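>>> coords please:
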Amino acid sequence: MKQKHNVIVDNLDIEISTGTLAGLASGAVTIRSGETSLFVSATAASALRPGQDFFPLTVDYREKFSAGGKFPGGYFKREGKPTEKEILTSRLCDRPLRPLFPKGFMNEVQVIGILLSTDSINEPDILMVNAASAALMISDIPWNGPVGCIRLGQIDNEFIVNPTNDEMLDSELDLIYVGTEKEMLMIEGSAEFISDERFYEALEYAQKAIQPIIEAQKEIAKIAGKAKKEFPLVITPKEITDFCEEQAKDQIIQALAFDSYTERKIAIEKIIDTTIDALNEKFGEGEVDSNDVARAFDELQEKLYRKNILDTGKRVDGRGTKDLRNISADSGVIPRVHGSAIFNRGETQALVIATLGTSKDVQDIDGLTGGATSKSFILHYNFPPFSVGEAGRFGFTGRREIGHGALAERSLLPTLPPEDEFPYSIRLVSEVMSSNGSTSMASICGGSIALMDAGVPVSNPCAGISCGLVTEKDDSGEITKHVVLTDILGAEDHFGDMDLKIAGTVEGITGFQLDLKIPGLPFDIALEALKQNAEARTSILGIMSDHLSAPRTELREHAPRIHSLQIDPDKIGALIGPGGKNIRRITEISGAQIDINEDNSGKVLIFATSKTAMERAIQEVDLCTAEIQVGKTYRGIVRGIKEFGAFVECLPGKEGLVHISELADFRVNKTEDICKLGDEMVVKCIGLDKGKVKLSRKAALEQNDQENESSPEEVTEKSND
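Residues are numbered from 1 along each chain as shown. Below you'll find the predicted structure:
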């Protein structure tokens, strides 16, 4: 596609272009790596909506099947609701863009990314972030960028920038790093037990690696950038702010001293109502904008929250900066389910339920990128409105729930056993019962305990915790004072500057996520936060281990059992049967499920919830895959009548000929005199000739006479119709 302006990012095989597409958008670029390319636009509304009281930034990323040369599935050949991958990529892009908009800028901004082509080698998610930054840079929208984004992997202890999908299969680290020219801004990803020291080295390495991307965006902004437009900023009138502070400051300080989130919330609401009455009395009924009052109180609470922490080192609930809230855990709390746990940390509570399934229960992934087509471990996170004491929309899975679930899922994944050792599909469902800070981390802790309660042989318990930050800056914007907070409350997240979530085991870090409200995090503060987080994780792991230190040795009563069989790969067809007949028959008569590995290795997995079902299924599989052996006696079914004898099925799908001379110990004139189709017949294998099986009813009768009235139970093998 010919573009007016192109910029190449040195050493990263990334090209940013603009000037041909979407000329009416505020800013629009295409970005390419290999043969993966995206289009991204950025557009701002010219005016605020009536009554608007927040900054409506929306980021939407979409993957069109045409990008991979495919048709969408289903009846309607059109893409539907966004996939989980699209939602996670949208969130990944949203979070580093948001803190760089000017304070008071509230015009709606919409960033749209469309995948144009994919080579299935280079991932588009980091391209989306870089292209969104470039689109904002060349637009007329005020924004304090640029930012650079890379993915950092580690193979054989060597860092790799923007590894391919194939390289990521061998990588011990999946770090998505976003930073400004000088500081980190957002991180996201997972690792296979990387140490805190090595993780910090990865952050420093990534910060250097993004510099060529930032320089390329500056260059294209010089070439094709528009003049920034002047937008009116929404600033709370000073007289409203001063009046609210004068009226409510002391009362808010008292309210913030309440230990309970609910008590603080009710007290603040009463103070706001009282202050609004005073405002109406001073300025006149209806003369004061309710949005101004809401912003004034938000700013006042933020100011008092931060000042108290910075000046005294104490928090609203009385804790010190490094103190954890009270933590408790319980397991096996729900009957019949395969595993369950409740994890409490202060007023945050997560109920997590584990379910074990078969290979048929894996999650199929219908996507164009990412490489994987299915996954056998799923974690679903639910955040109902009652968890924060509110009434609201219920039953709808929001982007936040998908994002938090993905963070918890990838944090626990490295602790799971290999599928060839524990061939179950696993689903965790985290139901947030109460929320006052870091429910995703509570889901990790509760999820780890639920897995152990279910008897999943995890390598070690896994815990997660969030650290926050409060800073004070001088007139130049430099941080002059800061406090890192362990185990932040919801209000400390809202009024603070950082939310750094890290999960891991005693072996190392497994998952991480950083969000900032300030336009960058200095590396010395990041190192302090990493150390403080590691101390907290160690404490939480100790509390968890006091309750349940290792996986239970037995699965729960109602969990499916697995038995593994190795059969001759050539026997797979016999086990399946024509049109799946044999597999269906075994499933119906035993109640078990039979899974055959698709790699033709001959490995068969039998899933059953009772010992009887398991034994019957094993017996039937053995029958289907066994061979008729000389000297063995079988109870078979007559499948064919001929003049020269009868064909008898001794094992499922396997039959032999009983010659007319072998039907009885006397002369038989017609085969029909002895048997008819469908009759049971006890026969003995008396020989194999070039694959043909020779059977004898006469020999079986003689053996029967010799053994003196042998019972049917004494027959070596039998076939079931």
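
>>> mind listing what Ala408 touches?
Residues counted as contacts of Ala408 (C-beta atoms under 8 Å, 6 or more residues apart in numbering) are Leu379, Tyr381, Leu428, Ser430, Ser440, Ser443, Ile444, Gly447, Gly464, Ala503, Gly511. Any C-beta I mention is one placed from the backbone N, CA and C, and that applies to glycine too.

>>> could you tell me which of those belong to strands?
Leu379, Tyr381, Leu428, Ser430, Gly464, Ala503, Gly511 (DSSP state E).

>>> flag the shaky bits of this protein, pLDDT-wise.
Judged by pLDDT under 70, the chain has its weakly predicted residues at 1-2, 259, 366-367, 370-371, 708-721.

>>> wait, Leu428 sits on Ser448?
No - applying C-beta atoms under 8 Å as the test, Leu428 and Ser448 come out as separate, 9.4 Å apart.

>>> which of those two has more neighbours?
Between Leu428 and Ser448, Ser448 has the larger neighbour count (other C-beta atoms under 10 Å), namely 31 against 28.

>>> what number of residues lie near the residue lying closest to that one once chain neighbours are set aside?
Of all residues not flanking Ser448 in the chain, Cys462 sits nearest, at 4.4 Å (C-beta to C-beta, 6 or more residues apart in numbering). By the measure other C-beta under 10 Å, the count of residues near Cys462 is 30.

>>> doesn't Glu615 belong to a helix?
Yes - assignment of Glu615 by DSSP: H, G, I helix; E, B strand; the rest coil places it within a helix.

>>> between Leu428 and Ser448, what contacts are shared?
By C-beta under 8 Å, 6+ apart, the residues touching both Leu428 and Ser448 are Leu412.

>>> nearest to Asp53 among the contacts of Ala408?
Nearest to Asp53, judged by C-beta to C-beta, of the contacts of Ala408 is Ser440 at 26.9 Å.

>>> for that closest one, which non-adjacent residue is spatially closest?
Take Ser440 and drop its neighbours on the chain: the residue closest to it by C-beta to C-beta, 6+ apart is His404, 4.0 Å away.

>>> ok, that neighbour - how many residues close by?
Counted with other C-beta under 10 Å, the neighbours of His404 add up to 25.

>>> can you pull the contacts of it?
Listed by C-beta under 8 Å, 6+ apart, the contact partners of His404 are Tyr381, Phe383, Thr439, Ser440, Ser443.

>>> again, but for Arg319
Contact analysis of Arg319 by C-beta under 8 Å, 6+ apart lists Arg325, Asp487.

>>> just to revisit the earlier point, select from the ones in strands among the contacts of Ala408 the one having the most neighbours.
Neighbour counts for the ones in strands among the contacts of Ala408, by other C-beta under 10 Å, peak at Ala503, which reaches 33 neighbours.

>>> and the closest residue to it other than its chain neighbours, how far from Asp60?
Closest residue to Ala503 apart from its sequence neighbours, by C-beta to C-beta, 6+ apart: Gly464 at 3.3 Å. Distance, Gly464 to Asp60, by C-beta to C-beta, to the nearest Å: 29 Å.

>>> Glu707 too?
For Glu707, the distance to Asp60 - C-beta to C-beta - is 78 Å.

>>> who has more neighbours, these two?
Shown here are Glu707 and Asp60; by other C-beta under 10 Å, Asp60 has more neighbours (16 against 11).

>>> quickly find the element holding that one.
Taking DSSP states H and E as the criterion, Asp60 maps to strand 57-63.

>>> sheet-wise, list the partners of that strand with their directions.
strand 109-117 (parallel) (DSSP bridges).

>>> which residues does the strand it pairs with contact?
Applying C-beta under 8 Å, 6+ apart, the external contacts of strand 109-117 come out as 30, 35-45, 55-64, 67-68, 89-90, 93-94, 97, 101, 124, 128, 131-132, 135-136, 141, 368-369.

>>> one more time with 6 Å, if that's ok
With C-beta atoms under 6 Å, 6 or more residues apart in numbering as the contact definition, strand 109-117 has outside contacts at 35, 37-44, 57-63, 67, 124, 128, 132.

>>> those helices in the stretch 551-700 of the chain, which residues are they?
572-576, 581-590, 611-625, 697-706 (DSSP state H, counting those that start in this stretch).

>>> in the first one, what's buried?
Of all the residues in helix 572-576, those buried under the rule 16 or more other C-beta atoms under 10 Å are Ile572, Ala574, Leu575, Ile576.

>>> remind me what whichever helix or strand comes after the strand holding Asp60 packs against, helices and strands.
Remark: after strand 57-63, the chain's next helix or strand is helix 84-97, criterion DSSP H and E. Under the contact criterion of 3 or more C-beta pairs under 6 Å, 6 or more residues apart in numbering; DSSP states H and E, helix 84-97 touches strand 57-63, helix 125-138, strand 184-194, helix 399-412.

>>> any idea how far Lys360 is from the closest residue to Ile576 other than its chain neighbours?
Spatial nearest neighbour of Ile576, excluding adjacent residues (C-beta to C-beta, 6+ apart): Ile583 at 5.4 Å. Ile583 sits 12 Å away from Lys360 when distances are taken as C-beta to C-beta.

>>> comparing the two, which shows the higher neighbour count?
Remark: of Ile583 and Lys360, Ile583 carries more neighbours, 19 against 9, as counted by other C-beta under 10 Å.
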